[in-house]
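S.K.: give the three-dimensional model of this entry:
(one chain, ligands or ions: 1)
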Amino acid sequence: MTKTILRALKGEVLPTPPIWMMRQAGRYLPEYRETRAKAGDFLSLCYNPVLAAEVTLQPIRRYGFDAAILFADILLLPQALGPKLWFETGEGPRMETVTTAAQVANLKPVEAIHDTLSPVYETVRILAQELPKKTTLIGFAGAPWTVATYMIAGKGSKDQAAAHALKAEDRATFQALIDRITEATVEYLSAQIDAGAEVVKLFDSWAGSLKGQDFRDFAEAPVARIIAALKARHPGVPVIAFPREAGQGYIGFAHRTGADCVAIDNSVSPEWAAANVQIDGCVQGNLAPEHMVTGGQALVAATRHVVKAFSRGPHIFNLGHGITPDANPDHVQLMIDTVRGT
Ligand SMILES: Cc1c2[nH]c(c1CCC(=O)O)Cc1[nH]c(c(CCC(=O)O)c1C)Cc1[nH]c(c(CCC(=O)O)c1C)Cc1[nH]c(c(C)c1CCC(=O)O)C2
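M.R.: Below you'll find the model as predicted:
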């Protein structure tokens, strides 16, 4: 019996959509907070295969999601290319910046990433052993544009101004950085697949700030390159792409990149996404994560709305973005029960 997530990714319309949740292993769960405290800090947790596998399994045990997503972070890959990475408590990630031709040239060669990232592959191997037979294991990486925004600014930013400035002022350096991340991402995801990942997902959290030709060049082209390289090496391993807040850019995204599924954020309606994106194949999404905080009848109604809007095509139920630390674990259960009709 093929796993439900893999069936949906092949284009099958299932009577009940399979379900998982972005950031399903995270601070809203007391058992996550406990394991994270044991690990010391977030990065130590990411690089501890036994504990990273443990937090990946926690939401599977508690809720029986149809997929588990490897516990790691999109910033581990740039860290493996050389720049220092740390997390400021209460503020988020900080990185050593890469903004000059010399700094791009000084990044470690792509083959060197495995020295840093081998614990992540070990986490995948543990999970491939320990997950229930019906649960799909999803590996992931950041898409090159989003990873580049953190490398260039050295932190998260609302408008990605530093990356847009480098793109405008030193196109060759910007392109060289995108190319290096693209090549490293192929090796990183390929190693995750070799270790046992059955699906991989590319997170382009800041795709929405790329407009017009920039969207084609930096949200689509690098993702298309990664998918083509992965398909050549691992035919049959599906790829989910998440060009968050792409808006009109969602239309035809699967065709132009080769993605098997497009994940949709909650700034567009499920009806719009069904009519414009799901016509090309499987979609994932797109309940607003705020419902995991507020719960109640509004959650039930919004969940039914998403399920119904996507019911005529292949669909994987998910949130439109990650669940937040202030979410209530009981509301997650209510969402799952509503989707599954139990
Ligand atoms: C932009 C981005 C990052 N990381 C990620 C993205 C893309 C998706 C998105 O847009 O949310 C992706 C990511 N981060 C994490 C995962 C693990 C798998 C999952 O459960 O989805 C995944 C897939 C764990 C994490 N990554 C992070 C946490 C919280 C860390 C903690 O325990 O303190 C988790 C569980 C930290 C992180 N990591 C990052 C930021 C900006 C932060 C700080 C923000 C925050 O505190 O929520 C970078």
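S.K.: quick one: the helices in the stretch 1-150 of the chain?
M.R.: In the stretch 1-150 of the chain, the helices defined using DSSP state H, counting those that start in this stretch lie at 4-9, 30-39, 42-46, 49-63, 76-80, 101-105, 113-130, 144-153.
S.K.: quick one: mean pLDDT over the second one.
M.R.: Meaning helix 30-39. The average pLDDT within helix 30-39 is 98.
S.K.: helices or strands up against that helix?
M.R.: Applying 3 or more Cβ pairs under 8 Å, 6 or more residues apart in numbering; DSSP states H and E, one finds that helix 30-39 contacts helix 42-46, helix 49-63. Where C-beta positions appear, they are placed from N, C-alpha and C, glycine not excepted.
S.K.: for the ligand, what's its nearest residue on the chain.
M.R.: Nearest to the ligand, among the residues of the chain, is residue 205, at 3.1 Å (Cβ to the nearest ligand atom).
S.K.: ok, that residue touching residue 148?
M.R.: No: assessed by Cβ atoms under 8 Å, residue 205 is found out of contact with residue 148, at 11.9 Å.
S.K.: neighbour count winner among these two?
M.R.: More crowded of residue 205 and residue 148, by other Cβ atoms under 10 Å: residue 148, with 27 against 23.
S.K.: ok, that one touching residue 177?
M.R.: Yes: here residue 148 lies in contact with residue 177, judged by Cβ under 8 Å, at a distance of 5.5 Å.
S.K.: looking at the helices of the stretch 1-150 of the chain, which is buried most?
M.R.: When these are scored by mean count of other Cβ atoms under 10 Å, the highest mean neighbour count falls to helix 144-153 (a mean of 26).
S.K.: what comes up buried for the helix or strand just after it?
M.R.: On the C-terminal side of helix 144-153, the nearest following helix or strand under DSSP states H and E is helix 161-169. Residues 162-164, 166-167 are the ones in helix 161-169 that count as buried (16 or more other Cβ atoms under 10 Å).
S.K.: give me the angle between helix 161-169 and helix 144-153.
M.R.: Orientation note: helix 161-169 sits at an angle of 100 degrees relative to helix 144-153 (axes from the mean of the first three to the mean of the last three Cα atoms, to 10 degrees).
S.K.: ok and the helix or strand following helix 161-169 relative to helix 113-130, angle-wise?
M.R.: Moving toward the C-terminus from helix 161-169, the next helix or strand (DSSP H and E) is helix 171-195. For helix 171-195 against helix 113-130, the angle by the same axes, to 10 degrees is 30 degrees.
S.K.: now helix 171-195: mean pLDDT?
M.R.: 98.
S.K.: now the next helix-or-strand element following that helix and helix 144-153, what's the angle there?
M.R.: Later in the chain than helix 171-195, the nearest helix or strand by DSSP H and E is strand 199-204. Following the same axes, to 10 degrees, one obtains 50 degrees for the angle between strand 199-204 and helix 144-153.
S.K.: and strand 199-204, what does it pack against?
M.R.: Counting by 3+ Cβ pairs under 8 Å, 6+ apart, strand 199-204 packs on helix 4-9, strand 136-142, helix 144-153, helix 171-195, helix 221-233, strand 239-243.
S.K.: can we see that at 7 Å?
M.R.: Strand 199-204 sits against strand 136-142, helix 144-153, helix 171-195, strand 239-243, with contacts defined as 3 or more Cβ pairs under 7 Å, 6 or more residues apart in numbering; DSSP states H and E.
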